[in-house]
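Enquirer: Got a sequence here, can you build the structure:
(chains A and B)
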Amino acid sequence: MMGVVLRHPACPVPTDADAAPQADPSPDDWGTWMALAQAGDRQAYQALLQAIGPYLRAIARRLLGHEDVEDAVQEILLVVHGIRHTYQPGRPFKPWLATIASRRCIDLLRRRQREGLRLGEALDEEAHMDAEPGPAERLERAQQDARMRAAVGRLSPGQRDAVRLLHLQELSLREAEASGGQSAGALKVASHRALKALRRALQGEHDHVP
Amino acid sequence: MSRDTDRLIEQLALEAVPVRPLASPMQRTVGWLAASMAVVAVLAVLLGWRGGMPADMAVPGGGLAWWGSLLTGIVAAHAVFQVSVPGRSPGWAWLALPPALAWFAGMGWGCLAEARAGTLAFGLESWHCALMITVVSTPMLLVMLLLVRHAGVLRPVPTAALAVLSAAGLSSAAVSLVHGQESAALTLLWHGGAVLLLCALAALSGRPLLGWIGYARR
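Expert: Okay, the predicted model is just below:
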C-alpha cells in the first residue's frame, strides 16, 4: 500500500526519506494534503486517499467485521470526496475522517439490516405463495409477471447484464467485471438503476427506465 | 488495497476540482443570524410591529420566555453549525438546552401565576401565532438545511431538530413583537406547542429531508 504513496513536493517529508524505505506519512500530513487537495492539487489528493486506506480499513473492520470491508472503504472514500469542503484547514484531520468513516459504516450496517429484513419478508411471501392461489391472486400474479417482463424488456443491455451477473449468477463485483465488458463502477450503477426500475414495475408503476 | 479501490482513488483524484472550505462555525453563525435577523425585522415591520419590546414582557415570566426564545434561536444555530461538521463534538447539541429550558420555564411560570390568580384559560383565539411561527420558520429552516446539507451523511436527526429549534426560536421572538399582550397559557399553548411539534417533525424527517436536499449516500 505504502509503495504507491506519492510524495508531494509541498508536503513535509522526513529528511532521510530517500535513504530509508518510505515512511508512513503521519496524520499531521493528512490535513496538509487535504488543504492542498481543496485548492485543486490532484497529486496531493491521490496521495492522501491512498494513505488513509489502511486507517479506513481498520475502522470498517472494527464496525462491520470482515465482510464487505473493501466496499465500505470505497463508500467512505466517495463520502470524503463529496464533502471534502467541510474539512477546515489547520484543524486535526483524523477526527474529521474518523467521524465520516464511522457514520458511513453505521449507515451500511443499517442498510444490511434493512436488506436482511426485506429478504425475510420475501421468503415469507414465497412460502405463502406455495399455497394454492385463488382466481384473484392468479390474475394479480399474471399482471405482475407481465409488468416484470415489460420492465425487463425496457432495461438497457448493460443493466440486463448487471442483473444477470450480480443477482442471478450471484458473482462478486470483481468476477462480474472480469466476465463482462463493464467496470465495477458501471456495474454498480447499472444494477442499482435496473433494480429500481424492476421494483417500480412490481409495485405497479409504469415509469420508463431511467 | 484492492484494484477497484485504487481505480476509484485515481478517478476521484481526476475529479478533484478546487473547493472552498467551510467557514468556521462561529463565522457561519454570525452570517446566519445577520441574515435571519434582517428577515425577521422586515417581517415584523410588515406584519405590524408595535415598536419597543414585546407586550408579553408585562406578564409574569414573559421576559424570561422572550429572551429565552431569542437566545435559543441564536445558540441552536451555533450548535447546528458545530454538529453538522465532521470531527466536531456532538455534545454541542446540549448547548441549546439551557436557553430552551429558560424559554419554557418562563412560559410555565406565567401559567402558574395565572392559575394562582384564577385567570388561567386555554383557548383557540391565538392559533394564528402557531401558524405565523410555522410560516416564518419554514423558509428559514430550509435555508439553514441547505447550509448544512452535507450533514445527511453525519448526524441528520440532531442537525434537523436543532435547525428547526433555531428557526422557531427566532420566529417565536419575532411573532411576540407583533402581537399584543397575550396570556402565558396562550403563549405556552401556541408558541410552545408549535415549537415542540416542529422539532418532533424535524427529528422524524431529518434523515430523508437532508437526503433529499443535499449530499447523502444511502
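Enquirer: Run through the residues of chain B sitting next to chain A.
Expert: The interface of chain B toward chain A, taken as CB under 8 Å from any CB of the partner chain, is made up of B:1-22, B:24, B:85-87, B:150, B:153-155, B:215, B:217-218. (Each C-beta comes from the backbone N, C-alpha and C, glycine too.)
Enquirer: ChimeraX command for the buried members of those?
Expert: For selection in ChimeraX, the members of these meeting the burial criterion (16 or more other CB atoms under 10 Å in any protein chain shown) are listed in this command:
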select /B:1,2,4,5,6,8,9,12,13,16,19,21,22,85,86,87,150,153,154,155
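Enquirer: Looking at the residues of chain B next to chain A, which are in helices?
Expert: Counted as lying in helices by DSSP state H, out of those, are B:3, B:4, B:5, B:6, B:7, B:8, B:9, B:10, B:11, B:12, B:13, B:14.
Enquirer: Identify, from those residues, the entry nearest to residue B:138.
Expert: Using CB to CB, the shortest approach to residue B:138 within those belongs to residue B:12, at 36.4 Å.
Enquirer: Does the closest one touch residue A:79 like I think?
Expert: No. Under the contact definition of CB atoms under 8 Å, residue B:12 does not touch residue A:79, with a separation of 11.0 Å.
Enquirer: Chain A: helices as residue ranges?
Expert: Listed in chain order, the helices of chain A (DSSP H) span A:27-38, A:42-51, A:53-64, A:69-82, A:93-129, A:135-154, A:157-163, A:173-179, A:184-202.
Enquirer: The ones you listed into CSV, with extra columns for mean pLDDT and mean neighbour count?
Expert: Output for these, formatted as CSV (pLDDT from 0 to 100; neighbours: other CB atoms under 10 Å in any protein chain shown):
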stretch, mean pLDDT, mean neighbour count
helix A:27-38, 87, 21
helix A:42-51, 93, 23
helix A:53-64, 91, 18
helix A:69-82, 90, 21
helix A:93-129, 80, 15
helix A:135-154, 76, 12
helix A:157-163, 83, 19
helix A:173-179, 77, 16
helix A:184-202, 76, 18
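Enquirer: Please name whichever of those is nearest to residue B:129.
Expert: Distance to residue B:129, taken as CB to CB, is lowest for helix A:93-129 among the helices of chain A, at 37.7 Å.
Enquirer: rewinding a little: could the helices of chain A go into JSON lines alongside distance to residue B:199?
Expert: As requested, the helices of chain A are exported to JSON lines (distance: least, CB to CB, whole Å):
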{"stretch": "helix A:27-38", "distance to residue B:199": "34"}
{"stretch": "helix A:42-51", "distance to residue B:199": "38"}
{"stretch": "helix A:53-64", "distance to residue B:199": "30"}
{"stretch": "helix A:69-82", "distance to residue B:199": "27"}
{"stretch": "helix A:93-129", "distance to residue B:199": "22"}
{"stretch": "helix A:135-154", "distance to residue B:199": "41"}
{"stretch": "helix A:157-163", "distance to residue B:199": "42"}
{"stretch": "helix A:173-179", "distance to residue B:199": "42"}
{"stretch": "helix A:184-202", "distance to residue B:199": "33"}
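Enquirer: So which helix or strand of chain B has the lowest pLDDT on average?
Expert: Each helix and strand of chain B was given a mean pLDDT (mean pLDDT, DSSP states H and E); the minimum falls on helix B:184-186 at a mean of 68.
Enquirer: Check which helices and strands the helix or strand that comes right after that helix is in contact with.
Expert: Next helix or strand after helix B:184-186 toward the C-terminus (DSSP states H and E): helix B:193-213. Here helix B:193-213 touches helix B:127-147, helix B:156-178, going by 3 or more CB pairs under 8 Å, 6 or more residues apart in numbering or on different chains; DSSP states H and E.
Enquirer: Check those helices for me and report the most buried one.
Expert: helix B:156-178 (a mean of 27; mean count of other CB atoms under 10 Å in any protein chain shown).
Enquirer: mind saving the C-alpha coords of that one as PDB?
Expert: Taking only C-alpha atoms (Å, rounded to 0.1, in the frame of the first residue of the first chain), the coordinates of helix B:156-178 have been written out as PDB:
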ATOM      1  CA  PRO B 156     -29.100  14.300  10.200                       C
ATOM      2  CA  VAL B 157     -31.500  14.000  13.100                       C
ATOM      3  CA  PRO B 158     -29.900  16.300  15.700                       C
ATOM      4  CA  THR B 159     -29.000  18.700  12.800                       C
ATOM      5  CA  ALA B 160     -32.500  19.000  11.600                       C
ATOM      6  CA  ALA B 161     -34.000  19.200  15.100                       C
ATOM      7  CA  LEU B 162     -31.600  21.900  16.200                       C
ATOM      8  CA  ALA B 163     -32.100  23.800  12.900                       C
ATOM      9  CA  VAL B 164     -35.900  23.900  13.500                       C
ATOM     10  CA  LEU B 165     -35.300  24.900  17.100                       C
ATOM     11  CA  SER B 166     -33.200  27.800  15.900                       C
ATOM     12  CA  ALA B 167     -35.700  28.900  13.300                       C
ATOM     13  CA  ALA B 168     -38.700  28.500  15.600                       C
ATOM     14  CA  GLY B 169     -37.000  30.300  18.500                       C
ATOM     15  CA  LEU B 170     -36.200  33.300  16.300                       C
ATOM     16  CA  SER B 171     -39.600  33.400  14.700                       C
ATOM     17  CA  SER B 172     -41.400  33.000  18.000                       C
ATOM     18  CA  ALA B 173     -39.400  36.000  19.300                       C
ATOM     19  CA  ALA B 174     -40.400  37.900  16.200                       C
ATOM     20  CA  VAL B 175     -44.100  37.000  16.400                       C
ATOM     21  CA  SER B 176     -44.100  38.200  20.000                       C
ATOM     22  CA  LEU B 177     -43.000  41.600  18.700                       C
ATOM     23  CA  VAL B 178     -46.100  41.800  16.500                       C
END
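Enquirer: elements contacting it?
Expert: Contact analysis of helix B:156-178 by 3+ CB pairs under 8 Å, 6+ apart lists helix B:25-47, helix B:62-83, helix B:97-117, helix B:127-147, helix B:193-213 as its packing neighbours.
Enquirer: Using CSV, please lay out the helices and strands packed on helix B:193-213 together with mean pLDDT and distance to residue B:191.
Expert: Below are those laid out as CSV (pLDDT from 0 to 100; distance: least, CB to CB, whole Å):
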stretch, mean pLDDT, distance to residue B:191
helix B:127-147, 78, 6
helix B:156-178, 86, 5
